[in-house]
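Asks: heads up, no residue letters with this:
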């Protein structure tokens, strides 16, 4: 199990509003991983990622969302480092209304609330001992279903998450 905090950058998001650029924000996550008994390098990881998403110039709109990736994992151990490669589907739920930060949090509208996509990434953990580790986490996620804002296409995210995390192994 583990958790962390980092940056959420919507670097390659598709914004369906003319003249609006993609933005970014912060993200926090918790994760749990189960290793297959017969193949201990392979596992399944479930994450709960809370992130701020939105657009940049000229509107600076934001909303909070929850991503739930379910990922197949493979561990490669080298000395005290573990490199975990992961890939699988993710489910995204908008948790708040879209707000305009320039207008001091004025509500712009409500999103459709759900998107489905694919995610993958690499976690690099420095293991202090057999139970405790610190590391960095780099993920990419891509939405297949665009979120809607008041029944109009708003955005499909192509996001990069970068964060630091703590991990505890049972």
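Replies: Perfect, I can see it now. Everything quoted here is computed from the prediction, not taken from an experiment.
Asks: tell me which strands the strand or helix carrying residue 64 pairs with, and in which orientation.
Replies: Element membership for residue 64 (DSSP states H and E) is strand 61-78. If you go by DSSP bridges, strand 61-78 pairs up with strand 42-54 (antiparallel), strand 81-94 (antiparallel), strand 98-100 (antiparallel).
Asks: distance from the centroid: which residue in the protein tops it?
Replies: The C-alpha centroid of the chain is most remote from residue 38, which lies 29.5 Å away (Cα atoms, centre = their mean).
Asks: hmm, residue 47 and residue 4 touching each other?
Replies: No - in this structure, residue 4 is not within contact of residue 47 by Cβ atoms under 8 Å, at 10.0 Å. No exception for glycine: its C-beta is placed from N, CA and C like everyone else's.
Asks: shared neighbours, the two?
Replies: residue 29 (Cβ atoms under 8 Å, 6 or more residues apart in numbering).
Asks: who's more crowded, those two?
Replies: residue 47 (24 against 21; other Cβ atoms under 10 Å).
Asks: the nearest residue to that one once chain neighbours are set aside: what secondary structure?
Replies: Spatially, and ignoring its direct neighbours in sequence, residue 47 is nearest to residue 31 (4.3 Å; Cβ to Cβ, 6 or more residues apart in numbering). What DSSP: H, G, I helix; E, B strand; the rest coil gives for residue 31 is strand.
Asks: can you give me the neighbour number for residue 31?
Replies: Around residue 31 there are 21 residues (other Cβ under 10 Å).
Asks: what sits against it?
Replies: For residue 31, counting by Cβ under 8 Å, 6+ apart, the contacting residues are 1-3, 45-48, 165.
Asks: can you rerun that using 7 Å?
Replies: 1-2, 45-47 (Cβ atoms under 7 Å, 6 or more residues apart in numbering).
Asks: again, but for residue 75
Replies: 41, 82, 84.
Asks: state the pLDDT value of it.
Replies: Residue 75 carries a pLDDT value of 97.
Asks: state the distance from it to residue 147.
Replies: 33 Å (Cβ to Cβ, to the nearest Å).
Asks: over to residue 23?
Replies: 14 Å.
Asks: ok, residue 43 next?
Replies: Counting by Cβ to Cβ, the gap from residue 43 to residue 147 is 30 Å.
Asks: so where is the protein shaky, pLDDT-wise?
Replies: 11 (pLDDT under 70).
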